[in-house]
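Trainee: quick one, structure for this:
(one chain, ligands or ions: 1)
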Amino acid sequence: MLPRQSTAADEPQPYRYRRVELVEPDWRRLPGWRDVTDEQWRSAQWQRAHCVKNVAQLRALMGDLLQEEFYADLERDQQERATMSMLVPPQMVNTMVPATSGPMPAEGPAFTAAFYADPVRRYMLPVFSDRRQDWPSHPFATRDSLHEHDMWVAEGLTHRYPTKVLAELLPTCPQYCGHCTRMDLVGNSTPVVPKLKFDLKPVDRLDRMIDYLRRSPEVRDVVVSGGDVANMPWKNLEGFLSRLLELENIRDVRLATKALMGLPQHWLQPDVVEGVARIARTARSRGINLAIHTHVNAAASVTPIVAEATMAMLEAGVRDVRNQGVLMRGVNAEVEDLLDLCFALQDGAMITPYYFYMCDMIPFSEHWRVSLARAQQLQHGIMGYLPGFATPRIVCDVPFVGKRWVHQQYDYDQVRGISSWTKNYRTSIETGDPEALTRPYPYYDPIDTLPEEGQAWWRENADTERLNALAQQHAASSRAAAQAQASATTHTL
Ligand code: SF4
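Mentor: Okay, the predicted model is just below:
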């Protein structure tokens, strides 16, 4: 028998799959939690009471592990850049520098360097030096970058897509993410961002949402969100869900809770598990799909207690638990990081990888955002490793358009980093707009990722008025292409 010729098959795969057992990092490695018992750790109340909410509390927890420069960097960010106030549950802090696959770095420079580099730290405890100094914000970044507020049909109820709505039940979460797209409304005001406040009392707000849904038979799908529904007292949430499930038109209900990962202890409380089981039974008896959508951005966040909470929800009768992560530089914007996270979710915790959103164009997010071209490369890079149903789509949430798969742009100037998009439905603010379906809607790459020619163009034109005029010119020149695309789609149909 002839020896087998060396072939391309002998080359290593770009990504090497290996089954990884989940591990709960030992919280007792951190000086402030040396004496914390298992029982305390599993208590949602203990977790909530021991969140890190300011620099002093982080210092009390970490002691001399971290050098002073880190605390100063964090303090400066809180004063000058942060769009979200600090709130990190112990469960999440414990996944930073987890020291599960090797010894813990020594206190001082080694631990500080590891903490700076940690993916969970990078988005939950952002520091001033993380952010770009040249373009900290994109010139077109805005507070409510998705214009959800503009599309409210009742306070907190965004009707953006034809058949589905987003119900923001409350403006708080058990954890605040540095990149939160709802930074306009969610959380406490920061020195940089005074937050919008709901006007109505919670009970009236929820009544008006139900009333709108009752009058809107075209709406079949409700994302019940916030904030995070884990911050709503269970009996109030169950009351709202029960009313929702009575509406004939509602076929899909999705509960949005990052706390399934950030504070899994909440979803393991017996009264919550029993309540979810009651709601799931009702949903099933009425043929309604009840699912949980969570938000995990790094493989290290998927620990045994997260898997346990997910299993409790599935056993309670929730049809599926899905992940909607956010793509961020320094956190997960590499093929290996994304696939490690997907396999930790799918193999370890029975959470279906579902979406990765490109980080939205909110102020001070440029260091996290990736270009559309990079997002397209990442989508290409993750194809083929996971089952099709668990292969996440990477999506760009284009202002005034909505989610689009990252390959759906019809025009892309990669020098200036401007992509153009169209849509196939009208949002609630465009019912009488004849151009809504042909108008090109722009999206912008982070400027520091552009070739020098593109960066020079932005430096020259950075004045917002001028940029707006240029954006209109760009829209006019690409309108013809959008119309051609719309007409081609119509003919194909
Ligand atoms: S959990 Fe969601 S809503 Fe809350 S701060 Fe994070 S991203 Fe924003």
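
Trainee: can you tell me the helix or strand for residue 167?
Mentor: Using DSSP states H and E, residue 167 maps to strand 164-168.

Trainee: next helix or strand past that strand?
Mentor: Counting by DSSP H and E, what follows strand 164-168 is helix 202-214.

Trainee: any idea of the mean pLDDT in that following helix?
Mentor: Mean per-residue pLDDT for helix 202-214: 97.

Trainee: and that helix with strand 164-168, angle?
Mentor: If you take axes from the mean of the first three to the mean of the last three CA atoms, to 10 degrees, helix 202-214 sits at 180 degrees to strand 164-168.

Trainee: residue contacts, the closest residue in space to residue 373 that isn't next to it in sequence?
Mentor: The shortest distance from residue 373 to any non-neighbouring residue, by CB to CB, 6 or more residues apart in numbering, is to residue 414 (6.0 Å). C-betas here are computed from N, CA, C, even on glycine. Counting by CB atoms under 8 Å, 6 or more residues apart in numbering, residue 414 touches 371, 373, 445, 450, 451, 454.

Trainee: ok, residue 414 to residue 430 distance?
Mentor: 29 Å (CB to CB, to the nearest Å).

Trainee: so what's the residue of the stretch 1-150 of the chain found nearest the ligand up against?
Mentor: As assessed by CB to the nearest ligand atom, the ligand sits closest to residue 84 within the stretch 1-150 of the chain, at 6.1 Å. Residue 84 makes contacts with 176, 177, 178, 180, 183, 186, 187, 190, as judged by CB under 8 Å, 6+ apart.

Trainee: so which of the residues you listed reach the ligand?
Mentor: By CB under 6 Å from any ligand atom, the members of the contacts of residue 84 lying near the ligand are 176, 177, 180, 186.

Trainee: tell me the two of these that are most distant?
Mentor: With CB to CB as the measure, no two of the ones next to the ligand among the contacts of residue 84 lie farther apart than 177 and 186, at 9.2 Å.

Trainee: quick one, helices of the stretch 351-493 of the chain?
Mentor: 372-382, 452-460, 464-492 (DSSP state H, counting those that start in this stretch).

Trainee: again with the stretch 201-350 of the chain
Mentor: Taking DSSP H, counting those that start in this stretch, the helices of the stretch 201-350 of the chain run over residues 202-214, 234-245, 259-262, 264-267, 270-285, 304-316, 335-343.

Trainee: just checking, what packs against the longest one?
Mentor: Put plainly, it is helix 270-285. helix 234-245, helix 264-267, strand 289-294, helix 304-316 (3 or more CB pairs under 8 Å, 6 or more residues apart in numbering; DSSP states H and E).

Trainee: do you know which of these lies nearest the ligand?
Mentor: strand 289-294 (9.3 Å).

Trainee: what strands line up against that closest one, and which way round?
Mentor: In the sheet, strand 289-294 lines up against strand 252-256 (parallel), strand 320-327 (parallel) (DSSP bridges).

Trainee: quick one: that strand to helix 270-285, angle?
Mentor: Going by the same axes, to 10 degrees, strand 289-294 makes 140 degrees with helix 270-285.

Trainee: which of the helices of the stretch 201-350 of the chain sits most buried?
Mentor: Ranked by mean neighbour count, the helices of the stretch 201-350 of the chain are led by helix 259-262 with a mean of 28 (mean count of other CB atoms under 10 Å).

Trainee: ok, back up a step: who wins on neighbours among the ones next to the ligand among the contacts of residue 84?
Mentor: Highest neighbour count within the ones next to the ligand among the contacts of residue 84, by other CB atoms under 10 Å: residue 176, with 26 neighbours.

Trainee: stretch 99-110: how far from the chain's middle?
Mentor: Using CA atoms, centre = their mean, to the nearest Å, the mean C-alpha position of stretch 99-110 is found 29 Å from that of the whole chain.

Trainee: pLDDT on it, on average?
Mentor: 93.

Trainee: also stretch 377-388?
Mentor: 98.

Trainee: next one: stretch 11-28
Mentor: Mean predicted confidence for stretch 11-28 is 95.

Trainee: buried residues in that stretch?
Mentor: 22, 24, 25, 27 (16 or more other CB atoms under 10 Å).

Trainee: can you name the two of these that sit furthest apart?
Mentor: Longest span within those, CB to CB: 22 and 27, 15.5 Å.

Trainee: residue contacts, residue 325?
Mentor: By CB under 8 Å, 6+ apart, residue 325 lies in contact with 295, 296, 297, 332, 341, 353, 355, 356, 357, 392.

Trainee: dump the residue contacts of the fourth one.
Mentor: Shown in contact with residue 332 (CB under 8 Å, 6+ apart): 119, 297, 298, 325, 338, 341, 356.

Trainee: if I read this right, residue 119 contacts residue 330, doesn't it?
Mentor: Yes - counting by CB atoms under 8 Å, residue 330 is a contact partner of residue 119 at 6.9 Å.

Trainee: between those two, which one's more packed in?
Mentor: residue 119 (21 against 17).

Trainee: list phi and psi for the more buried one.
Mentor: The phi and psi values for residue 119, taken as degrees, to the nearest 10, are phi -70, psi -40.

Trainee: and the gap between it and residue 57?
Mentor: Separation of residue 119 from residue 57 (CB to CB) stands at 22 Å.

Trainee: likewise for residue 15?
Mentor: Residue 15 is 39 Å from residue 57, by CB to CB.

Trainee: how about the residues of the stretch 101-250 of the chain near the ligand?
Mentor: 173, 175, 176, 177, 180, 182, 186, 226, 227, 228.

Trainee: mind running it again at 8 Å?
Mentor: Neighbours of the ligand within the stretch 101-250 of the chain, by CB under 8 Å from any ligand atom: 172-177, 179-183, 186-187, 225-228.
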